[in-house]
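Peer 1: This is a predicted model, with the sequence first.
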Amino acid sequence: MATAVDTEKTVEGLEQARSILKETAEYGKELAPKFDKIYFVACGAPNRLMLSMEYWLQQYAPSFEIRRYFPAEFMAQNPPRMDARTLVILGSKSGTTKETVAAAKFVKDLPCKSVGFTMTEELPLAKALDHTFLLGDTDETHTGMFMALQAFTGGLMAGKDGWPHLDKMVRSLEAMPEAMGATHLANDPRAKEEARIYKDDRIMYHVASGPMFNTAYVFGVCILMEMQWMHSFPFEAAEFFHGPFEIVDENTPLVLMLGEDASRPLMERVVKFCDKYTERVMVYDSKDFEMEGIDPEIRQFVAPLIIEAALYRFATRLSVWHNHDLDTRRYMWKTEY
């Protein structure tokens, strides 16, 4: 079971995504004036990446009406006003997710426009979309999708409401592969020790706010729950003091994630409370990571993926103690569901 940090593999796996960033940003900027409504549609981790995009568009492009759906719910609801001023953005890492492909086909005969993100052009999702951004056949599809989605979202913000930092966004995203690799490397010693400490815990809770909740969900559900079969649950900081904080005691393991956006004070309150009532807390703060090449104006946007990179090392080290490779599944891709 490999645990070594391979920064070259990380960077290599993101080269295709890096190569399309300028094109993706410019296309978003070009499309922005033509649309009033944006509907994000995806399952799993891509849906949570879109949560971050939803957050930024609401803040920096308020002229848009933004909604986010899981594909099955999107088709079941059949949202009204799916007209020529509606942009539907879909994503699937594999490009074969049945519900997402079905949603792309669902909108194909409607007057709205569909844009999507997946690996390669022969995949079912790519064939069903009006326009597809290709991330390459890589193990780094999740990060690549973030990079491309964030560039596209930056273009939408610039084109709709004049957000002024698109060039900084593109340059910073171009530096993401190296920043992700450096984060893996920098956090590995801490991850190794924390994995030793928490190896026997089968329940773990995660708290974050704003766009960082993307990471709390992906780490808690898509990594620890899916890949380690742990009872692992994410909470939003704004909801923490409305019930969930009652689970905190001296035995409760918590992962608290802080970003650099306007929602940070919500998490600082959570950290203060948890520090008072338990010592079993892992605090991951994006301010503790260098993020070389990332412009100060853009740090808040990429912070969730930097923290995810750090926590992935924890999951990798934990998988060794559990003797349970991160690629192991019980049902996914194996049974009818």
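Peer 2: In hand now; what should we look at?
Peer 1: Now do the helices in the stretch 51-200 of the chain.
Peer 2: 71-77, 98-108, 124-128, 141-161, 166-174, 176-198 (DSSP state H, counting those that start in this stretch).
Peer 1: Could you chop the chain up by domain?
Peer 2: For the chain, the structural domains run 7-174, 190-322, going by automatic domain parsing.
Peer 1: Columns mean pLDDT and mean neighbour count on top of those, output as TSV?
Peer 2: Where you see a C-beta, it was placed from the backbone N, CA and C, and this is true even at glycine. Converted to TSV, these look like this (pLDDT from 0 to 100; neighbours: other C-beta atoms under 10 Å):
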stretch	mean pLDDT	mean neighbour count
domain 7-174	97	20
domain 190-322	97	19
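Peer 1: Can I get the ones you listed in TSV including distance to M180?
Peer 2: Listed next are the domains of the chain as TSV, based on distance: least, C-beta to C-beta, whole Å:
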stretch	distance to M180
domain 7-174	6
domain 190-322	5
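Peer 1: For the nearest residue to T132 once chain neighbours are set aside, list the residues it contacts.
Peer 2: Nearest non-adjacent residue to T132, counting by C-beta to C-beta, 6 or more residues apart in numbering: A126, 4.4 Å away. For A126, the contact set (C-beta atoms under 8 Å, 6 or more residues apart in numbering) comprises G95, G116, T118, T120, T132, L134.
Peer 1: can you check M157 too?
Peer 2: A32, W56, L57, Y60, A61, W163, L166.
Peer 1: Spit out the contact partners of the last one.
Peer 2: Contacts were defined as C-beta under 8 Å, 6+ apart; by that measure L166 touches A25, K29, G154, G155, M157, A158.
Peer 1: quick one: what helix or strand has the first one in it?
Peer 2: Under DSSP states H and E, the secondary-structure element containing A25 is helix 21-31.
Peer 1: I would like the residues contacting that helix, please.
Peer 2: Outside helix 21-31, the residues that touch it by C-beta under 8 Å, 6+ apart are 87, 113, 115, 131, 133, 147-148, 151-156, 158-159, 166, 169-170, 173-174.
Peer 1: Out of the contacts of L166, which comes closest to E308?
Peer 2: Of all those, E308 sits closest to G154, with 19.3 Å by C-beta to C-beta.
Peer 1: residue contacts, the nearest residue to that closest one once chain neighbours are set aside?
Peer 2: Distances taken as C-beta to C-beta, 6+ apart put M169 closest to G154, at 4.0 Å, once the chain neighbours are dropped. By C-beta under 8 Å, 6+ apart, the contact set of M169 is A25, Q150, A151, G154, D295, I298, F301.
Peer 1: again, only this time at 10 Å
Peer 2: M169 makes contacts with 21, 25, 150-151, 153-155, 157-158, 163, 295, 297-298, 301-302, as judged by C-beta atoms under 10 Å, 6 or more residues apart in numbering.
Peer 1: from those residues, which single one is nearest M332?
Peer 2: Nearest to M332 among those is Q150, at 26.9 Å by C-beta to C-beta.
Peer 1: which residues sit in contact with that closest one?
Peer 2: By C-beta under 10 Å, 6+ apart, the neighbours of Q150 are 21, 24-25, 28, 49, 52-53, 56, 169-170, 172-173, 176, 298, 301-302, 304-305.
Peer 1: Over to P296?
Peer 2: Contacts for P296 (C-beta under 10 Å, 6+ apart) come out as K168, S172, E260.
Peer 1: just D36 next, same as before
Peer 2: Going by C-beta under 10 Å, 6+ apart, D36 touches S63, F64, E65, R81, D83, A84, R85, T86, L87, K160.
Peer 1: Mind putting those into CSV with distance to H142?
Peer 2: Converted to CSV, the contacts of D36 look like this (distance: C-beta to C-beta, whole Å):
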residue, distance to H142
S63, 30
F64, 25
E65, 27
R81, 31
D83, 32
A84, 32
R85, 31
T86, 27
L87, 23
K160, 27
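Peer 1: Mind checking which of the residues you listed are in strands?
Peer 2: With DSSP state E as the criterion, strands contain E65, T86, L87 from among these.
Peer 1: M204 looks like it's in a strand, true?
Peer 2: Yes - per DSSP: H, G, I helix; E, B strand; the rest coil, M204 lies within a strand segment.
Peer 1: was I right about it contacting G220?
Peer 2: Yes - at 7.4 Å, M204 counts as touching G220 under the criterion of C-beta atoms under 10 Å.
Peer 1: Residues in contact with both of the two, list them for me.
Peer 2: Common neighbours of M204 and G220, using C-beta under 10 Å, 6+ apart, are M230, H231, S232, F233, P234, V255.
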